[in-house]
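>>> predicted model follows, preceded by the sequence.
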Amino acid sequence: MTSADAAKLRGQVVLLAPDLQNLSDFEAALAAGWSPDPRRAGDTAYVSGKLPRLRQNRSKYLGELIAHGKPHTGSGPPPLTTRLFWIWNGEFCGSISLRFHAGTEELPPEISGHVGYSVVPWKQRNGHATTALKLLLAVAKKEGLDRIVILCDEDNHASRRVIERNGGELFMRGPHPSDRPDQIKLYFQLRPCATG
Ligand SMILES: CC(C)(COP(=O)(O)OP(=O)(O)OC[C@H]1O[C@@H](n2cnc3c(N)ncnc32)[C@H](O)[C@@H]1OP(=O)(O)O)[C@@H](O)C(=O)NCCC(=O)NCCS
């Protein structure tokens, strides 16, 4: 039995590393119109543009999805590390990612916070994003991060609640270079701990 099967039996939400076995569930979510990028929610051209590439070469697509999580071996400044996970309760619920530079809590100015997440519409309002962020905080702690920053649009009440329920403290309000100048964001800081 895989850890995903065990989680299903227990009715738990877990974070799964994307692999070829669970890629079909991600594919089905895309085919249903879900966007893994919250900023492209409802952008059908963006979402449907991903499907042909996935179907043309599944291994290559998967490799590209998780490439940012591989250890840096080359010379020069290290690239941003991204740890991407599926939010899973026996079925695909969405995705969550942690992005960081090893050894520092600083981020390049164009990166909008350490964490991004999105839950498929048909699984929302069940506490899945709240649980997923709790689990991701434990991952962040293991990566040596003592402080992370998460941004959300000021009118994104659901995301704000997810962050606050995980101990997020509002420390700034304003635009971010990754978005339109008139899009006000809320900046939260969180202190990862080993148990999330
Ligand atoms: C934000 C998002 C991830 C929340 O996912 P979720 O699994 O539904 O969240 P949860 O079930 O853990 O709910 C957390 C809180 O938000 C509230 N909430 C959820 N959806 C809501 C909505 N549409 N409007 C208002 N509150 C909402 C819940 O009631 C809960 O509040 P509570 O703790 O006071 O009970 C989901 O709405 C989503 O994917 N949105 C699009 C992508 C996005 O905005 N990502 C975040 C970018 S910063």
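Happy to help now that I have it. Numbers count the residues shown, from 1 in each chain.

>>> give me the number of residues near P109?
9 (other Cβ atoms under 10 Å). (Each C-beta comes from the backbone N, C-alpha and C, glycine too.)

>>> same question, R83
Other residues lying near R83 total 20 when counted by other Cβ under 10 Å.

>>> repeat for D146
Other residues close to D146 by other Cβ under 10 Å number 10.

>>> give the bridge partners for the residue most central in space within the chain, please.
The structure's the chain has its C-alpha centroid closest to I96; by Cα atoms, centre = their mean the separation is 2.0 Å. Note on I96: beta-bridge partners F85, Y117, judged by DSSP bridges.

>>> pretty sure it contacts L136?
Yes. The pair I96 / L136 is scored as a contact, 5.5 Å apart, by Cβ atoms under 8 Å.

>>> can you list residues touching both of the two?
Counting by Cβ atoms under 8 Å, 6 or more residues apart in numbering, the contacts common to I96 and L136 are L15, F85, V115, Y117.

>>> return the residues of the chain in contact with the ligand.
38, 41, 117-119, 124-130, 152, 156-159, 161-162, 165 (Cβ under 6 Å from any ligand atom).

>>> make it 8 Å
Contact residues, the chain versus the ligand (Cβ under 8 Å from any ligand atom): 38, 41, 87, 93-94, 113, 116-121, 123-132, 150-153, 156-165.

>>> just those residues: which are in helices?
128-132, 157-165 (DSSP state H).

>>> so who does the nearest residue to V149 once chain neighbours are set aside touch?
With sequence-adjacent residues excluded and distances taken as Cβ to Cβ, 6 or more residues apart in numbering, V149 is closest to G113, at 5.0 Å. The contact partners of G113, by Cβ under 8 Å, 6+ apart, come to L107, I148, V149, I150, L151, Y187.

>>> count of neighbours near R160?
Per other Cβ under 10 Å, the neighbour tally for R160 reads 18.

>>> hang on, the earlier thing: what subset of the residues of the chain next to the ligand is buried?
87, 93-94, 113, 116-120, 123, 128-132, 150-153, 159-160, 162-163 (16 or more other Cβ atoms under 10 Å).

>>> which helix or strand contains Q183?
Using DSSP states H and E, Q183 sits in no helix or strand.

>>> ok, it touching G174?
No. With contact defined as Cβ under 8 Å, Q183 does not reach G174; the gap is 9.9 Å.
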